[in-house]
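Participant: my questions are about this predicted structure, shown below with the sequence.
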Amino acid sequence: MSSNEILASIKEPGQLHRLSFLQMEKLAGELRTVLVDTVSRTGGHLASNLGVVELTIALLHCLSLDEDKIVWDVGHQCYSYKLLTGRRGRFSTLRQEGGLSGFPKRAESRYDHFIAGHASTSLAAAYGLKRAMTLRREPGAVAAVVGDGSFTGGMIYEGLNNIGKSGENLIVILNDNEMAISRNEGALAKYLSVIRSKPAYFKIKKNTEHLLLGMPVVGKPLRDLAWGSKMALKKVIYSTTFFEELGFAYLGPVDGHDLKSLCDVITQAKAMNCPCLIHVRTQKGKGYHFSEKNPGMFHGVSKFDAASGRPLSASGENFSEVFGKELLRCAEKDEKICAITAAMEHGTGLQHFARKFKASGRYYDVGIAEEFAATLSASLAAGGMLPVFAVYSTFLQRCCDQLIHDIAIEPQHLVIGIDRAGIVGDDGETHQGIFDAAMLSMVPNLTLFAPANYHELRQMLRTALYEVKGPAALRYPRGAEPASLAGWQGDGGAYDMVGGPENRMLVVTYGRTFAAALEASRQQDDISVLKLNRLLPLPVEAVRAASAFESILFVEEGIRSGGIGMQFLSALEETGYRGTAKLHAIDGFVPQSTVPSALHRLGLDSEGILNCLSRFGGEMSNFRKR
Ligand SMILES: Cc1ncc(C[n+]2csc(CCOP(=O)(O)OP(=O)(O)O)c2C)c(N)n1
Ligand SMILES: CC(=O)[C@@H](O)[C@H](O)COP(=O)(O)O
Ligand SMILES: [Mg+2]
């Protein structure tokens, strides 16, 4: 048999119904080979996908995608699903511009039923899909695959609360690998470890169910009777699980790499025709030596050498590392400083802080619970601590009400480190950090800084900690500082100006785009650049300085509507400015690509800025100097 014979033969997911267990075992091996080979070349989420190979095969073997639906929580683990639902031919384009998304997308396939990328949405998604099927009298079950990390997100409990009473044929598959990106924290992780240790209960239940399900006619009423007495029995012999108390049939724990057990339990769950929770135990990174040894490192990987497991590009200093190390330096001198993350310890550079201060209770990994993290930060501040919440821009979107209600109305002094601000690249629409500045501009009493390099990040963090009253935030991009800005030092005020009003054109910008604006001003005379250091509250002195120029182009690597640029131009108008002012910003969702390619496509690199200015220049001719 050729190396990929079975996978190559799968043209439609329905073909998996006819595979023998031996063939499915072989298919699992083929999938793992493709996953490691492809992700080593494209980058992506390897460990999570290696952990659900058998689960994906079993789901497609037991469910019929002509009527049943599967949704994936976060969706970063859906690569095998994509390979088995008609997208093998495009799989080498994974996460590339114009290629397959790294997450489920309805536009990509009829088998992708709901968008994913942000955690803990799958139960709401599954419930809505199932209710629509019921109301439209469409047959079929809906299954939601949820990782134990995603299970720490609040929306999951909102989902359990609504589904448990619904009686719907909805199967929640809890994929328990004891990991989020790092090791899973919290009481839920502890609870799962307890119920993982009770396989006996599951065996008794399975045998009883099989016996009754096999009985004609009397089977169901007898089964309901037995089920009722079993519930009583369980309360006597076994403590029921939290899930059963909420109205789910609990099936598990099941070995998530044992195809026969998986097929048994999925078939049983579908036949029970009620809310079920299947608890599967898997190994994150299974089947590839290096990811088994270090699943955290292989959660999200850039290109790597498959033979050695080593990354192909050395990851040097970056904004997250600089942030984490500067925060640690401050915290060593100030015991009021606490750090909070929502399951993104390494992504936000907090691992240094955690190593030093976890034991002393000044470090919190609250799980995938950004809303909770925001309000916890506010209450720590209310209690006299100096909390710093580090969070990706895109995930901060979860905290809009907490920012307004818990943090700003009675302003709490805390700091939010907004990482991945701006275009992030391969994760695409669900992860671009382009909305935070617009969202925060609604929040009164909040100060927002935009460092353009490591020096400013350190400086602005200290300013946020010790010179700002009320909530302060600083936003910085994924990756390293622009080489052209290494060591740049402005005057540390609310804005910096490069060039004076003797130039006709002024480009106003902030953050990473300052490098592109400077480059544009080097390529064409007559251009000055104003870099905002403080975005909120908008520095009126910067607006005043800008009004001396004949024409102004505001360039923003962020959404136009409600963004800083819009506010700057309206403040300019209020000064009675009679020049020409334009805003060049982002007008919609930004699909996956490399960051440079996205910035170029959006006209946010130096070439794009010069093109803007030359188009704009045409409107300059009718400008009369005052
Ligand atoms: C709201 C939100 N916060 C944070 C993340 C970042 N994130 C992506 S996957 C992941 C861990 C998921 O763990 P789990 O659900 O257990 O899946 P596994 O990778 O273990 O299969 C996190 C924190 C996210 N996608 N969404
Ligand atoms: C799936 C998810 O949300 C995270 O894994 C995210 O992709 C991490 O992004 P970074 O690679 O920028 O840390
Ligand atoms: Mg997990």
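Facilitator: All right, it came through fine. Numbers count the residues shown, from 1 in each chain. Ligands and ions are numbered 1, 2, ... in the order given.
Participant: okay, CA-based contacts and neighbour counts for the rest of this
Facilitator: Noted.
Participant: and the lowest mean pLDDT element among the helices and strands of this protein?
Facilitator: Each helix and strand of the chain was given a mean pLDDT (mean pLDDT, DSSP states H and E); the minimum falls on helix 199-213 at a mean of 54.
Participant: which residue is the nearest non-sequential neighbour of His584?
Facilitator: In space, and not counting its chain neighbours, His584 is closest to Val555: 4.8 Å by Cα to Cα, 6 or more residues apart in numbering.
Participant: what about the one you found, how many residues nearby?
Facilitator: 27 (other Cα atoms under 10 Å).
Participant: part of a helix, is it?
Facilitator: No - according to DSSP: H, G, I helix; E, B strand; the rest coil, Val555 belongs to no helix; its state is strand.
Participant: my read: it touches Leu569, true?
Facilitator: No - with contact defined as Cα atoms under 8 Å, Val555 does not count as touching Leu569 (11.3 Å).
Participant: state the distance from Arg458 to Tyr476.
Facilitator: 11 Å (Cα to Cα, to the nearest Å).
Participant: neighbour count winner among the two?
Facilitator: More crowded of Arg458 and Tyr476, by other Cα under 10 Å: Tyr476, with 28 against 19.
Participant: shouldn't that one be in contact with Arg420?
Facilitator: Yes - using Cα under 8 Å, Tyr476 is in contact with Arg420, at 6.3 Å.
Participant: quick one: the strands in the stretch 101-250 of the chain?
Facilitator: Ranges of strands in the stretch 101-250 of the chain, per DSSP state E, counting those that start in this stretch, are 142-147, 170-176, 249-255.
Participant: next, count neighbours for Ile181.
Facilitator: 22.
Participant: how about Ser484?
Facilitator: 13.
Participant: nearest spatial neighbour of it, skipping sequence neighbours?
Facilitator: Going by Cα to Cα, 6+ apart, Ser484 has Ala515 as its nearest residue, at 6.5 Å.
Participant: who touches the residue in the stretch 451-600 of the chain that ligand 3 sits nearest to in this structure?
Facilitator: Here the stretch 451-600 of the chain gets closest to ligand 3 at one residue, Arg478, 23.8 Å apart by Cα to the ion. Residues in contact with Arg478, defined by Cα atoms under 8 Å, 6 or more residues apart in numbering, are 318-320, 419-424.
Participant: turn those residues into a markdown table, including pLDDT and neighbour count.
Facilitator: Converted to a markdown table, these look like this (pLDDT from 0 to 100; neighbours: other Cα atoms under 10 Å):
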| residue | pLDDT | neighbour count |
| --- | --- | --- |
| Asn318 | 98 | 16 |
| Phe319 | 98 | 25 |
| Ser320 | 98 | 26 |
| Asp419 | 99 | 26 |
| Arg420 | 98 | 25 |
| Ala421 | 98 | 28 |
| Gly422 | 98 | 28 |
| Ile423 | 98 | 26 |
| Val424 | 98 | 25 |
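Participant: ok, and the closest non-adjacent residue to the residue in the chain positioned nearest to ligand 2?
Facilitator: Closest residue of the chain to ligand 2, Cα to the nearest ligand atom: Gly347 (4.8 Å). Closest residue in space to Gly347, ignoring its immediate chain neighbours: Ser320 at 7.1 Å, by Cα to Cα, 6+ apart.
Participant: how about the helix or strand hosting the one you found, which residues are buried there?
Facilitator: Ser320 belongs to helix 319-333 when assigned by DSSP states H and E. Residues of helix 319-333 classed as buried by neighbour count (16 or more other Cα atoms under 10 Å): 319-328, 331.
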